[in-house]
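> Following is a predicted model, sequence given first.
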Amino acid sequence: MAYIPAEELTYQRLRNLDFQRTLCLQSVSALEVHGPHLPLGMDLFMARWMAEESGRRFAERHPDWTVVQMPHLPVGTDELPAAGSMNVRPRALYRLLWDHARSLVRAGYRFIVLTNGHGGPRHAAAIEYVCQKASKRYGVQMFSPAIAALHRIITGQRFDRVEEILGRPLSETEKAGLVGGEHAGGWETSFALAALPAVVETQWKELGLLRPPRLRPLQRLAESLSAALEKRGRDAAKTRELLGSLASSLGWLCNARYGYGGPLVTYSGNPSVASAELGRAFREVMVEECLAEIEAVTSGKKDALAVRSIASDHALIQPSFAPRVLAVTAVVIALLWWW
């Protein structure tokens with residue numbers, strides 16, 4: 001079994017790797033305000049946990065493979081705009097990730113996994129866009145299993161597995177507090193209680209259900225478009241979820257910067273339902289979900305391009321959206337001027 005931190009590799013050892021049997025893992029998430037009770041590094045902790053634990057388990061199962069763990073990249077976009085959050089513009093994140101991906105490919109890696117703990121729509125979209133672009137252009141298997149994995153967990157799709165690990169059913173109070181939006185809520189507070197209890201402020205027990213204000217015009221647009229799609233017999237679930245998420249993100253942005261909807265909101269969900277027991281189950285399911293995708297891709301049963309989440313489904317949040325709109329606009333203006 002070989003599990004190696006990338007920074008410990010010499011150039012000679014790197015060149016001697018069998019890249020057809022080498023798995024490279026890279027975690028990506030920035031510091032962000034997580035309520036009054038959790039540390040700024042929550043997204044970083046979760047992204048790094050998924051990468052390191054998935055890598056160790058994969059190495060144990062496949063002693064003929066080498067697992068290389070890259071240092072964490074502490075960058076992100078669509079972060080909560082409160083003092084302490086570290087945010088870069090969406091285009092800057094995309095360019096950084098794309099350049100980093102090309103460096104990984106140039107180094108020789110052919111199986112590259114990105115893990116993420118941040119739910120910002122354009123953050124997740126940039127990660128998956130870069131993975132898909134690198135896979136297509138360079139013929140590598142680069143993918144991010146964490147985004148879809150976390151989405152399934154926080155939307156209640158893995159309650160059965162959580163209950164199996166716990167050895168008991170989740171209470172209705174727990175279930176109600178664990179769905180419908182998560183940022184420093186029940187899931188992340190549980191993760192922190194299981195992994196780093198000393199850095200959690202004790203007030204988490206008194207923090208009840210809270211949601212950021214949604215931007216009303218965008219929320220109305222989401223409802224209108226969803227109704228129109230359903231009227232035509234089409235599935236509107238993804239459209240409703242994406243636009244609802246954007247309405248929440250933009251509403252939160254306006255709340256933090258301009259006081260939209262009332263006092264500053266720094267968390268979403270219900271921290272009071274958290275427990276270390278639930279956190280240990282959460283951590284286990286996160287790694288299981290990621291490892292299942294890694295096993296499928298490295299064994300050849302699944303192509304990296306098939307590993308994607310709702311973040312890849314809508315053009316509006318893709319890194320290529322604005323440049324394409326500008327290009328089309330420029331062409332239209334040029335044609336109008338010419339004629």
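That came through, no problem. Numbering: from 1, shown residues only.

> What values do phi and psi take at Asn16?
Per-residue torsions, Asn16: phi -90, psi 0 (degrees, to the nearest 10).

> ugh, wrong one, I meant Leu17
According to degrees, to the nearest 10, Leu17 has phi -70, psi 140.

> same thing with Val179?
The phi/psi pair for Val179 (degrees, to the nearest 10) is phi -120, psi 160.

> Please apply the same query to Ser268.
Note on Ser268: backbone dihedrals following degrees, to the nearest 10 are phi -140, psi 130.

> From the structure, what's the count of residues near it?
21 (other C-beta atoms under 10 Å). C-beta coordinates here come from the backbone N, C-alpha and C atoms, glycine included.

> residues contacting it?
By C-beta atoms under 8 Å, 6 or more residues apart in numbering, the residues touching Ser268 are Gly181, Glu182, His183, Ala184, Gly185, Leu210, Arg211, Pro212, Ser248, Trp252.

> bridging residues for it?
His183 (DSSP bridges).

> separation between it and Leu207?
11 Å (C-beta to C-beta, to the nearest Å).

> where do the strands sit along the stretch 51-200 of the chain?
For the stretch 51-200 of the chain, applying DSSP state E, counting those that start in this stretch gives strands covering 66-69, 111-116, 141-143.

> So in that sheet, which strands flank the last one, and in what orientation?
Within its sheet, strand 141-143 is paired with strand 111-116 (parallel), according to DSSP bridges.

> which residues sit against the partner strand?
Under the contact criterion C-beta under 8 Å, 6+ apart, strand 111-116 has outside partners 22-29, 43, 47-48, 50-51, 54, 101, 104-105, 123-124, 127, 130-131, 134, 140-147, 150, 290, 294, 297-298.

> now the helices: where do they sit in the stretch 151-300 of the chain?
159-166, 172-178, 186-195, 216-231, 237-258, 276-298 (DSSP state H, counting those that start in this stretch).

> which one of the contacts of Ser268 is nearest Ala198?
Nearest to Ala198 among those is Ala184, at 17.1 Å by C-beta to C-beta.

> Flag the shaky bits of the stretch 1-150 of the chain, pLDDT-wise.
1 (pLDDT under 70).

> which residues does Thr66 bridge with?
Here Thr66, judged by DSSP bridges, has bridge partners Ala2, Thr22.

> Quick check: it touching Asn16?
No: in this structure, Thr66 is not within contact of Asn16 by C-beta atoms under 8 Å, at 9.9 Å.

> between those two, who's got more neighbours?
Set Thr66 next to Asn16 and count neighbours by other C-beta under 10 Å: Thr66 wins out with 21 against 10.

> hey, which of the helices of the stretch 151-300 of the chain is tucked in deepest?
helix 186-195 (a mean of 25; mean count of other C-beta atoms under 10 Å).

> roughly how far out does it sit from the chain middle?
Centroid separation for helix 186-195 versus its chain: 17 Å, with C-alpha atoms, centre = their mean, to the nearest Å.

> ok, now which ones touch the closest residue to Glu293 other than its chain neighbours?
Nearest residue to Glu293, sequence neighbours excluded (C-beta to C-beta, 6 or more residues apart in numbering): Pro145, at 3.6 Å. Shown in contact with Pro145 (C-beta under 8 Å, 6+ apart): Val113, Thr115, Glu289, Cys290, Ala292, Glu293, Ile294, Val307.
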